[in-house]
Structures are given as C-alpha cells and as structure tokens.
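*Asks:* prediction below, plus the sequence it came from.
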Amino acid sequence: MGMESKRYDCLVIGAGIAGITAGIYLKRSNLSALVIDKGAPGGKLNNIHRIDNYPGIASIPGPELAMKLLEQATTLGVAFDYGDVMDVRKNEDGLFVTTTDVGTFLSTTVIVASGLSAKKLSIPGEEEFSGRGVSYCATCDGNFFKGLPMAVYGYQDHAVEDAIYLSALASDLYVIAPKPFEATEAHLAELKALNNVHIIEEAKLSAIKGEQKVSSISVSGKEGESEIAVNGVFLLTGEQSSSAYLASMRPESSKGFLKVDRDNQETSIPGLYAAGDVVDKKLRQLVNAGGEGAVAATSAISYIHAHR
C-alpha cells in the first residue's frame, strides 16, 4: 500500500480568486480544507497586466492582487498545496477521492475552481512554433518581442485588453478579429486610438510561418489572402474549461463548462460544487468569481454539517 490519503472536509481545486475566496470562507467556519493548484496562487490574475473594474480598488496589476489575496488567506491560516489534479471520483461511502501527481486526498466535498486553459486552434504552424513565436499569454511573453511586430488573434474583451498592453511593446501590432468584437466600448475606443495598431476585422488566421521561429502569418479576409511579417503571435480566441479530471463522474456540462444550481453552485453531483470561469455562465469576471466561491463554500459547509 502507498501513503495514507489525507482527509479533509473540503478540497478546493484551483487557487484563483474563486478558489481563494472559498478557502477563506471555509477557514472561517472552522472546517478542515485544502486549496490545491498546479500553478502560482492567483491563477489567471497572474496574466492580467491591469485590473480597473474591481470594486474598491482603482487600478491594480493582476499579480499584485494575487499576492494580496494569498497574504490574506495565509494570515487567516488557509492551507495551500501544489499538485496537478488527474482524477476526482466519488466512492461507495460518498467520499470524494482526488488523485494528483503528488498524492491522493479524501474529502466530504469538492469545490472545482480550476478556471480556463488555452484552447489549441489547429492553425497550420501553431503546434510547430509554440514557444517559438506562438503564445497564449500576452503578459507572460510580450516582452520577448519588444520592438518587433506582433499579432493578436481574438475578438473578446480579454483579447482587446491584451492588445492594448502589447501595443506598448510592439513596433506594429496587427489585431485580427475572426468575429465582430465582443468588448467594452471603452477598451475598443482605446485600442482604435493607438497609432501602431492595425485592426483587421472578420478575418481568419490561416497559417503561421517561419524557419526556426515565427517570421510571418497568413490572413484571409474580405480582400483575400495577405501575408504579414510578425515575430510574435498571440492566440487569444479560444479558452476551455479546465475540468477534464471530472470525466469519470460525468457532471452535467455544456461545451465543457460545468452546469450548476445558481442558488448554491452545486453541480449535478451532490457535494461537488463549482465556481469561477469553469462554470457555464454569461459573465466571467473577477467580481462574480469571488461571489461564486463564497456561495460554493457556504453550500459545502451546509452539506458537510448535514452529512456528519
């Protein structure tokens, strides 16, 4: 037999704003809980260069807000651990068994708050040049192409925000939008006012080219096919829910996003809750991710007391 599994009242998967908020509420209820994540605490916050729509904070870099959340949680005594979750299932006695690359955990409840991961788009050259000019994170990799031409492929608000950030680093920035923009008017106006930004609407990125690394892209639009010289390509159109580890339980979902009862954030599996970007919903913002984390934790607390 291997090591004995650690047992908790609640295991929270993901240390973004939803997961950390859930951890804070669980800790204040005096239950045993663990927040586990395979990356840096703060999750997606670490990839946001500027947040200016969070109530009470005028403007703050994402990593700084992540640090503040972590400091608050650790001061309160919330337990964190690193681990990549491979599988979550419910055994006969109703306990959840969570298997990670570092060990196995038993818990009465699980809160899934593992957010989104970049979705591969299957564009010719994407796989080949991944890490050699192709990136899915503007704030992580923008600096590598400082002073060089870059391209952003995306149409949603986060792509527009990242394009504004990259415009300050790029010599020229080409923003290719495959669909009509779904962004706030203020962000779009800011992007369109930038001198070095070239917006190509209703166009598809058809190929990424180069030798050792990216040197150009092919774009097909209303005017036909054109080739643009760029060194960095940021693919910001596709994101998918990071919850493949729930496959054996088959919780109800839509396009990979977990369906929950909005009153208590419970999935179709009793005792399994979800919060944040992993949930099937309209608005994916920090402010409601935190709220959902609080609701999920409060619901899990009730469930734990009822099953004692």
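*Replies:* Done, it's in. The shown structure was predicted, so the numbers you read here are calculated from the model rather than taken from an experiment.

*Asks:* buried set for whichever strand or helix holds His187?
*Replies:* Element membership for His187, per DSSP states H and E: helix 185-192. When neighbours are counted by 16 or more other CB atoms under 10 Å, the buried residues of helix 185-192 are found to be 187-188, 190-191. Quick note: C-beta positions are derived from backbone N, CA and C, even for glycine.

*Asks:* centre of the chain to that helix, how far?
*Replies:* Here helix 185-192 shows a centroid-to-chain-centroid distance of 23 Å under the convention CA atoms, centre = their mean, to the nearest Å.

*Asks:* just checking, next helix/strand downstream of it?
*Replies:* Elements were assigned by DSSP H and E; along the chain past helix 185-192, the next helix or strand is strand 197-201.

*Asks:* can you pull the buried residues of the helix or strand just after that following strand?
*Replies:* Beyond strand 197-201 on the C-terminal side, the first helix or strand identified by DSSP H and E is strand 204-210. Neighbour-count burial for strand 204-210, counted by 16+ other CB under 10 Å, picks out 204-205, 207-210.

*Asks:* cool, and stretch 39-46?
*Replies:* 41-46.

*Asks:* out of the residues you listed, which is nearest to Ala79?
*Replies:* Proximity to Ala79 was ranked across the buried residues of stretch 39-46 by CB to CB; first place goes to Pro41, at 12.0 Å.

*Asks:* right, and the closest one touches Ala15 too?
*Replies:* Yes - proximity of Pro41 to Ala15 meets the contact threshold set by CB atoms under 8 Å, at 4.2 Å.

*Asks:* so what sits against both of the two?
*Replies:* Listed contacts common to Pro41 and Ala15 are 70, 80; contacts here mean CB atoms under 8 Å, 6 or more residues apart in numbering.

*Asks:* how about low-confidence regions in the chain?
*Replies:* Counting by pLDDT under 70, the chain shows low-confidence ranges at 1-4.

*Asks:* ranges for the helices of it?
*Replies:* Listed in chain order, the helices found in the chain under DSSP state H are 17-28, 62-76, 138-141, 157-167, 185-192, 286-306.

*Asks:* can the ones you listed go into CSV with extra columns for distance to Thr237?
*Replies:* As requested, the helices of the chain are arranged in CSV below (distance: least, CB to CB, whole Å):
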stretch, distance to Thr237
helix 17-28, 23
helix 62-76, 20
helix 138-141, 13
helix 157-167, 7
helix 185-192, 16
helix 286-306, 21
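
*Asks:* for those, which one sits closest to Tyr245?
*Replies:* When the helices of the chain are compared by CB to CB, helix 17-28 sits nearest Tyr245, at 14.6 Å.
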